[in-house]
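Participant: Next one to model:
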Amino acid sequence: MKKISMAILMMLYCVQLSAQHTFRLGDSTFLLDGKPFQMISGEIHYLRVPRESWRDRVRMAKAMGLNTIGTYVFWNMHEPEQGRYDFSGNNDVAAFVKICKEEGMWVILRPSPYACAEWEFGGYPYWLQEIKGLEVRSKEPQYLRAYNNYIKAVGKQLAPLQVNHGGNILMVQIENEYGSYSDDKSYLEINRKMFTDAGFDGLLYTCDPAADVAKGHLPGLLPAVNGVDDPEKVKQLVKENHQGKGPFYIAEWYPAWFDSWGEKHHTVPYENFLDRLDRVLAAGISINMYMFHGGTTRGYMNGANYNDHAPYSPQISSYDYDAPLDEAGNATPKFMAFRKVIAKHLAPGATLPEVPAKKPVITTPVITFERSGALFSQLPAAVKSVQPLTFEDLKQAYGFVLYRTTLKGGSSGTLKIKDLRDYGLVFINGKRAAILDRRLKQDSVNITLPEGTITLDILVENLGRINFGPYLLKNRKGIDGQVLFNGKAIGQWQQFRLPYEQQPVVKTSVVAADAPVLKEGSFTLNTKGDTYLDMSKWGKGVVWINGHHLGRYWQVGPQQTLYVPAEWLKTGQNKITVLELIKPAQTQVQGIDHPILDVLQ
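Facilitator: Here you go, the predicted structure:
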């Protein structure tokens with residue numbers, strides 16, 4: 001009898017999961033199965049959260065009172081090289097959407113090729129800019145062809161998970177804040193058709209900042225609004241562009257902001273938002289908090305800002321965002337305050353789940369590195385050319401490239417690197433002569449060359465491609481021009497490709513006092529927990545633990561620690577590798593029980 005009952009329960013559960021719903025636009029509200037539905041959504045980017053933690057983060061969203069999760073899909077992670085798609089592991093967006101469904105949460109999907117999102121190249125794959133004549137966000141045929149291939153691949157993964165097919169994806173966004181870029185409605189119509197051809201046959205929408213809604217909206221689709229939370233203004237903007245009707249949706253509501261290197265960590269008191277959130281919910285307006293949980297931008301996937309009025313500004317690896325859920329996925333005071341506001345607007349008799357307990361944190365033993373090797377002593381085969389080659393010329397997306405040549409010595413003058421992208425360390429016969437930083441508009445240094453034939457090395461780091469604005473296609477990395485000494489171009493270069501995507505093997509060698517170094521060590525844990533690697537005494541570089549690329553650290557701040565999820569640690573021995581660019585003498589590091597972010601006072 002018990003077995004029969006369990007079988008019936010499982011059958012009912014499966015029926016519930018596959019049940020088809022209707023989701024459509026009413027004149028003033030969304031209608032789910034014909035009844036008014038208010039989305040209270042929060043943005044979580046599955047690629048900024050370890051797959052092992054997806055369910056925990058979704059449960060935290062539910063505990064704050066959210067009923068929907070918003071997420072971008074980043075093209076460059078799913079098609080890293082043209083024609084090669086990856087929807088496995090942490091890239092398995094369909095698994096993320098299904099977990100949301102299993103936890104009783106709806107999804108708003110944002111899979112357009114351009115995302116912005118403080119993400120490398122705004123989500124575009126680096127190889128797009130190497131297709132001659134290609135223009136992003138345009139009707140240029142090569143771009144549309146690549147776009148169409150990508151969105152069809154995404155459609156195979158996600159179109160079956162739309163609400164009208166028994167899934168939990170309520171709406172799908174085409175393009176992204178296009179009105180801030182241009183206003184070509186025929187281009188938007190091509191977007192719409194490609195989405196429907198890819199299987200996205202449910203509700204589509206556009207979203208734009210308030211000032212750009214009219215430019216970025218495609219007639220016939222719902223225009224969502226970003227960055228405004230005055231109910232009357234939101235309703236006015238939507239009605240003006242949607243035949244005098246709703247429903248009304250704030251697609252990006254900002255409870256805080258992101259950080260860039262060399263700045264202070266942004267924090268915004270939750271008290272500033274409580275009345276505004278209450279007012280929006282009371283007005284029946286649907287909302288998506290950007291971000292509910294930021295997580296971490298792992299590897300080299302951070303983007304950068306740049307325009308005619310502001311210098312190049314790359315973003316940090318932590319995407320904490322001062323969001324309601326912190327970088328590690330714990331509830332903050334902002335979370336608890338928002339939860340109280342949302343609780344006021346629940347349906348009669350509805351209650352919120354208990355807030356899950358804070359995750360365990362640990363302090364690791366002090367880690368002393370057992371092996372060190374000079375970066376320049378373990379180089380791959382060189383690629384030779386007369387003029388310097390960019391990362392893209394070398395078919396390298398991210399990381400580092402070492403440029404090497406020889407010069408006749410015995411003179412002094414100015415070394416100038418035209419279009420340094422983005423951070424360069426200059427060495428003369430292996431000794432560091434200068435550090436040049438694009439953020440600070442540095443591209444030149446006065447140097448003295450000793451007598452004889454000298455070796456000139458320039459190690460260049462790609463700090464992240466521009467993710468917003470008019471310069472999306474001015475994003476080539478490395479040295480994108482000539483290197484001049486006293487006005488004369490230097491030729492005959494060797495380029496050494498150092499992508500450092502995977503955790504490198506360190507070959508022990510003598511380390512110079514000021515040259516880049518790879519360090520390898522291990523540490524033993526009896527229990528696992530989240531921890532934060534304290535890099536505050538180090539200079540600049542990247543870290544791997546147990547094969548996972550944790551991201552960048554840099555003494556300029558605000559980020560002084562790297563978050564290490566418990567899921568990436570092991571009881572027993574753990575392996576750590578550091579690539580340090582400017583302070584090779586550092587020998588120790590430790591995981592501590594809290595993050596360090598230099599806060600804007």
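Participant: list the contacts for the closest residue in space to Ile454 that isn't next to it in sequence?
Facilitator: Of all residues not flanking Ile454 in the chain, Gly409 sits nearest, at 4.5 Å (Cβ to Cβ, 6 or more residues apart in numbering). Backbone N, C-alpha and C define where each C-beta goes, glycine included. Listed by Cβ atoms under 8 Å, 6 or more residues apart in numbering, the contact set of Gly409 reads 449-454.
Participant: Emit the ChimeraX select command for whichever of the residues you listed are buried.
Facilitator: Here is the ChimeraX command that selects the buried residues among the contacts of Gly409 (16 or more other Cβ atoms under 10 Å):
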select :449,454
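Participant: Now that we have the contacts of Gly409, can you turn them into CSV and tack on secondary structure, distance to Ile40 and pLDDT?
Facilitator: Listed next are those as CSV, based on DSSP: H, G, I helix; E, B strand; the rest coil; distance: Cβ to Cβ, whole Å; pLDDT from 0 to 100:
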residue, secondary structure, distance to Ile40, pLDDT
Leu449, strand, 64, 97
Pro450, coil, 67, 97
Glu451, coil, 72, 97
Gly452, coil, 70, 97
Thr453, strand, 68, 97
Ile454, strand, 64, 97
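Participant: got the contacts of Gly409 as TSV, with distance to Ala198 columns?
Facilitator: As requested, those are arranged in TSV below (distance: Cβ to Cβ, whole Å):
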residue	distance to Ala198
Leu449	58
Pro450	61
Glu451	65
Gly452	62
Thr453	58
Ile454	56
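Participant: For Lys488, see how far away the residue nearest to Ile454 is.
Facilitator: Note on Gly409: its distance to Lys488, by Cβ to Cβ, to the nearest Å, is 15 Å.
Participant: Repeat that for Gln243.
Facilitator: Going from Gln243 to Lys488 by Cβ to Cβ gives 65 Å.
Participant: Settle this for me: Gln162 is touching Phe195, isn't it.
Facilitator: No. Between Gln162 and Phe195 there is no contact under Cβ atoms under 8 Å: 11.1 Å.
Participant: got the contact list for Gly246?
Facilitator: Residues counted as contacts of Gly246 (Cβ under 8 Å, 6+ apart) are 25-29, 235, 238-239.
Participant: Type out the PyMOL command that picks the buried ones from these.
Facilitator: Restricted to buried positions by 16+ other Cβ under 10 Å, the PyMOL selection for the contacts of Gly246 reads:
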select buried, resi 25+29+235+238
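Participant: Any chance of CSV for the contacts of Gly246, columns pLDDT, secondary structure and distance to Ser313?
Facilitator: Below are these laid out as CSV (pLDDT from 0 to 100; DSSP: H, G, I helix; E, B strand; the rest coil; distance: Cβ to Cβ, whole Å):
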residue, pLDDT, secondary structure, distance to Ser313
Leu25, 98, strand, 39
Gly26, 97, coil, 42
Asp27, 96, coil, 43
Ser28, 96, coil, 41
Thr29, 97, coil, 40
Lys235, 98, helix, 35
Val238, 98, helix, 33
Lys239, 97, helix, 37
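Participant: From the contacts of Gly246, pick the one nearest Val578.
Facilitator: Closest to Val578 out of the contacts of Gly246 is Val238 (50.4 Å), distances taken as Cβ to Cβ.
Participant: which ones are touching that closest one?
Facilitator: Val238 touches 213, 222-225, 245-249, counting by Cβ under 8 Å, 6+ apart.
Participant: Please apply the same query to Pro36.
Facilitator: 26, 29-30, 284.
Participant: Pairing partners for the host helix or strand of it, with directions?
Facilitator: Element membership for Pro36, per DSSP states H and E: strand 35-37. Using DSSP bridges, strand 35-37 pairs in its sheet with strand 30-32 (antiparallel).
Participant: Now do the partner strand: everything it contacts.
Facilitator: Applying Cβ under 8 Å, 6+ apart, the contact partners of strand 30-32 are 21-25, 36-39, 170, 247, 249, 286.
Participant: Of these, keep whichever come out buried.
Facilitator: Here, 16+ other Cβ under 10 Å leaves 21, 23, 25, 37-39, 170, 247, 249, 286 buried among these.
Participant: mind listing the helices for the protein?
Facilitator: Taking DSSP state H as the test, the helices found in the chain are 2-18, 54-64, 75-78, 93-102, 141-158, 185-197, 213-216, 231-241, 274-282, 333-343.
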